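Trainee: show me how the following folds:
(chains A and B)
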There are 2 protein chains.
Amino acid sequence: MIDKLIGKIENTGAPIVVGLDPMMKYIPAHIKKAAFDQFGETLEGAAEAIWQYNKGIVDAVCDLIPAVKPQIAMYEQFGIPGLVAFKKTVDYCHEKGLVVIADVKRGDIGSTSEAYAVAHLGKVSVGEKSYAPFDEDFATVNPYLGSDGIKPFINVCNECDKGIFVLVKTSNPSSGEFQDVMAGGKHMFETVGEMVRDWGEESMGTAYSNVGAVVGATYPEQGKILRQIMPKTFILVPGYGAQGGKGADLVHFFNKDGLGAIINSSRGIIAAYMQEKYASYGSENYADASRAAVIDMREDIASALKSR
Amino acid sequence: MIDKLIGKIENTGAPIVVGLDPMMKYIPAHIKKAAFDQFGETLEGAAEAIWQYNKGIVDAVCDLIPAVKPQIAMYEQFGIPGLVAFKKTVDYCHEKGLVVIADVKRGDIGSTSEAYAVAHLGKVSVGEKSYAPFDEDFATVNPYLGSDGIKPFINVCNECDKGIFVLVKTSNPSSGEFQDVMAGGKHMFETVGEMVRDWGEESMGTAYSNVGAVVGATYPEQGKILRQIMPKTFILVPGYGAQGGKGADLVHFFNKDGLGAIINSSRGIIAAYMQEKYASYGSENYADASRAAVIDMREDIASALKSR
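Mentor: The predicted structure follows:
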């Protein structure tokens, strides 16, 4: 699956993933009104608003980008109807040819991790039949439980040609509390990075592994270190834009081949119309504002990479 | 919520939580047949089998125990229908007066953790209305992202009188890869334990905090250390029975007041009929076998506590 993602990055010239993290406050009033008129102010109404909002954005940006990253928490908070909207979004993005990175941050042990892997990337057996329940392309995974928690995901990646991104150094201010702890002369995130590199050997694509890493744009120095520890690991980089990461912070996440990283922006794209810079589009044309924001982000990254 | 859980433990004399982790291979043939006859070998059929299986167990053991712990991965692997069965199980357990500990191991940052907290423990706003989407009583949470990931859960615990159990030292063989790393003269799990203790101050019940910890029965020595680090923290202890933990391993997880821990058994209870010891019940009477296994577990723990 990593080869497919890389092919799409090369075709679009955009190492960009758009985070589909729909919060109610981002959704334009006209979309909410239509959804509530039809379903009332219910979980179903919220789910319909999310789905229509996502569809507008996906339609507007799908030719520009290789991938989307729906954050399942934003759907799970609306219960079963929210998760139905999540699944509709995944399927629609596939129809539009996008790679879907499910930001689920799952992680457990043994048969439980296997169940999560099956849920999101694999197939589950029911009697003589089998089904792909959520059928995303990549999932984000939490490493705190160790290899027992990761190996079942790698097995499913190998069986079904899928991939994972393991949390290594997250973009949030308090990520250092555990991830930066020094032990044996190195930080915890370095130890995790070494494990990710080793796990990656078990599921290689052509040049990069199907086992990737999450490293926040807000920590460029740590990104530089991790880039060297994990040369064949693709890095999913959150924290660009709204969280404070800039194009210039990103250059060290990439290898000399111009590959090796994909940068996520969520709010900065999907709620672009709420920023002063794109306010002239108006909320009715929120999706056009998202398209303009993707183009600007592509330029920001390209010029940062050119001037390194 | 921790006071409610403690009250139920005292009333039942059983510091036991039954893990409702239904795997298809545990479900008796007659239940699967009835479900597949009605819904076919589909995700809906699997979900119906899970639901009927759970209902039988809950009916058979609900007067003996304070709480259940459904593992959401086992439902999520059957997609949306599986999650509908999860929600039906949660609601049914509430009807039967049980505390529901959702084993979801969620964890993210900021607004995303808030969304997970709302999904499982809180209320979500839709226009002028609000809904409790999954409405469990406790959720398990992964600490790898630090305070940013935990605080939103604590806020929801305080608003809605709920609780969490934070992963500290998990029961699996590879839990030591990151959790046992030595830094500054202590293990990572001790550092996490200290944070859990401090977070717990922000949501105290009468004697214990609504912020609990997960520490595996398979690591009794670490349990002893953590019991001292976190005196007011309730410990959820997985790994008893099928994973190898025994009654005698558990005594150090309890405080001198006889409280402070609740022991989980999943397979050992819900699939008791598959063990030689309870085979005479037969698969038709699987729920009676589960009841017998709960009673035996209660005795095992009580006698271990008596002889300490």
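
Trainee: what are the phi and psi values for the most centrally placed residue in chain A?
Mentor: For chain A, the residue nearest the mean C-alpha position is residue A:69 (3.5 Å; Cα atoms, centre = their mean). Dihedral pair for residue A:69: phi -130, psi 90, per degrees, to the nearest 10.

Trainee: please name the spatially closest residue to it (chain neighbours excluded).
Mentor: If you skip the residues right next to it in sequence, residue A:69 has residue A:101 as its closest partner in space, 4.3 Å away by Cβ to Cβ, 6 or more residues apart in numbering or on different chains. For every residue, glycine as well, the C-beta is placed using N, CA and C.

Trainee: roughly how far is stretch A:142-155 from the heart of the chain?
Mentor: 18 Å (Cα atoms, centre = their mean, to the nearest Å).

Trainee: over to stretch A:194-201?
Mentor: Relative to its parent chain, stretch A:194-201 has a centroid offset of 20 Å by Cα atoms, centre = their mean.

Trainee: contact partners for residue A:39?
Mentor: Shown in contact with residue A:39 (Cβ atoms under 8 Å, 6 or more residues apart in numbering or on different chains): A:45, A:48.

Trainee: one more time with 10 Å, if that's ok
Mentor: A:45, A:46, A:47, A:48, A:49, A:81, B:126 (Cβ atoms under 10 Å, 6 or more residues apart in numbering or on different chains).

Trainee: export the residues you listed as CSV, with columns for secondary structure and neighbour count.
Mentor: Putting the contacts of residue A:39 into CSV (DSSP: H, G, I helix; E, B strand; the rest coil; neighbours: other Cβ atoms under 10 Å in any protein chain shown) gives the following:
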residue, secondary structure, neighbour count
A:45, helix, 22
A:46, helix, 31
A:47, helix, 25
A:48, helix, 23
A:49, helix, 26
A:81, helix, 23
B:126, strand, 23
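
Trainee: could I get these as CSV with pLDDT and distance to residue A:169?
Mentor: Below are the contacts of residue A:39 laid out as CSV (pLDDT from 0 to 100; distance: Cβ to Cβ, whole Å):
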residue, pLDDT, distance to residue A:169
A:45, 98, 38
A:46, 98, 33
A:47, 98, 33
A:48, 98, 37
A:49, 98, 34
A:81, 98, 35
B:126, 97, 35
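
Trainee: which strand or helix spans residue A:117?
Mentor: For residue A:117, the host element (DSSP states H and E) is helix A:110-120.

Trainee: what comes up buried for stretch A:87-106?
Mentor: A:87-90, A:92-93, A:98-106 (16 or more other Cβ atoms under 10 Å in any protein chain shown).

Trainee: any idea of the mean pLDDT for that stretch?
Mentor: With pLDDT averaged residue by residue, stretch A:87-106 scores 98.

Trainee: which pLDDT value goes with residue A:243?
Mentor: In this prediction, residue A:243 has a pLDDT value of 68.

Trainee: please enumerate the strands of the stretch 151-300 of chain A.
Mentor: If you assign secondary structure with DSSP state E, counting those that start in this stretch, the strands in the stretch 151-300 of chain A sit at A:163-169, A:182-183, A:186-187, A:211-215, A:235-237, A:261-265.

Trainee: hey, which of those is tucked in deepest?
Mentor: strand A:211-215 (a mean of 30; mean count of other Cβ atoms under 10 Å in any protein chain shown).

Trainee: what angle sits between it and strand A:163-169?
Mentor: Here the directions of strand A:211-215 and strand A:163-169 differ by 30 degrees (axes from the mean of the first three to the mean of the last three Cα atoms, to 10 degrees).

Trainee: partner strands of strand A:211-215 and their direction?
Mentor: Applying DSSP bridges, strand A:211-215 is found paired with strand A:163-169 (parallel), strand A:235-237 (parallel).

Trainee: pLDDT weak spots in the stretch 151-300 of chain A?
Mentor: For the stretch 151-300 of chain A, applying pLDDT under 70 flags the ranges A:242-243, A:245.

Trainee: please report how far residue A:124 lies from chain B.
Mentor: Distance of residue A:124 to chain B, given as Cβ to the nearest Cβ, to the nearest Å: 5 Å.

Trainee: still on that earlier bit, what's the mean pLDDT across the helix holding residue A:117?
Mentor: Mean predicted confidence for helix A:110-120 is 97.

Trainee: show me which residues of it are buried.
Mentor: A:110, A:112, A:113, A:114, A:115, A:116, A:117, A:118, A:119, A:120.

Trainee: chain B next: which of those residues are close?
Mentor: Contacts with chain B within the buried residues of helix A:110-120, counted by Cβ under 10 Å from any Cβ of the partner chain: A:110, A:112, A:113, A:114, A:115, A:116, A:117, A:118, A:119, A:120.

Trainee: tell me the contacts of the third one?
Mentor: Contacts for residue A:113 (Cβ under 10 Å, 6+ apart) come out as A:106-107, A:141, A:145, A:148-153, A:155-156, B:73, B:105, B:172.

Trainee: pick out the most distant pair among those residues.
Mentor: Maximum pairwise distance among these (Cβ to Cβ): 19.3 Å, between A:155 and B:105.

Trainee: spell out which residues of the stretch 201-308 of chain A are next to chain B.
Mentor: A:216, A:238, A:239, A:243, A:266, A:267.

Trainee: burial count for the third one?
Mentor: Yep, that's residue A:239 we're talking about. 25 (other Cβ atoms under 10 Å in any protein chain shown).

Trainee: cool, and the first one?
Mentor: Here the number of neighbours of residue A:216 (other Cβ under 10 Å) works out to 29.

Trainee: ok, and the closest non-adjacent residue to it?
Mentor: Residue A:216 sits nearest to residue A:171 (Cβ to Cβ, 6+ apart), 2.7 Å away.

Trainee: residue A:85 and residue A:77 touch, don't they?
Mentor: No - under the criterion of Cβ atoms under 10 Å, residue A:85 makes no contact with residue A:77, lying 11.1 Å away.

Trainee: contacts only, for residue A:119.
Mentor: Contacts of residue A:119 (Cβ under 10 Å, 6+ apart): A:102, A:104, A:106, A:132-136, A:139, A:156, B:72-79, B:82-83.

Trainee: can you rerun that using 7 Å?
Mentor: Counting by Cβ atoms under 7 Å, 6 or more residues apart in numbering or on different chains, residue A:119 touches A:133, A:134, B:73, B:76, B:77.

Trainee: same question, residue A:217
Mentor: A:171, A:237, A:238, A:239, A:240, A:245, A:249, A:250, A:263.

Trainee: closest to chain B out of those residues?
Mentor: residue A:171 (7.3 Å; Cβ to the nearest Cβ).

Trainee: isn't the closest one up against residue A:215?
Mentor: No - the criterion here is Cβ atoms under 7 Å, and residue A:171 misses it with residue A:215 at 8.3 Å.

Trainee: quick check: buried residues in the longest helix along chain A?
Mentor: Secondary structure of chain A read by DSSP state H shows that its longest helix is helix A:286-306. By neighbour count with 16+ other Cβ under 10 Å, helix A:286-306 contains the buried residues A:286-294, A:297-298, A:300-301, A:304.

Trainee: check stretch A:186-196 too.
Mentor: For stretch A:186-196, using 16+ other Cβ under 10 Å, the buried residues are A:187, A:188, A:189, A:190, A:191, A:192, A:193, A:195, A:196.

Trainee: got the contact list for the third one?
Mentor: By Cβ under 7 Å, 6+ apart, the contact list for residue A:189 reads A:168, A:169, A:179, A:180, A:222, A:226.

Trainee: what's the neighbour count on the fourth one?
Mentor: Read that as residue A:180. Residue A:180 has 16 nearby residues by other Cβ under 10 Å.
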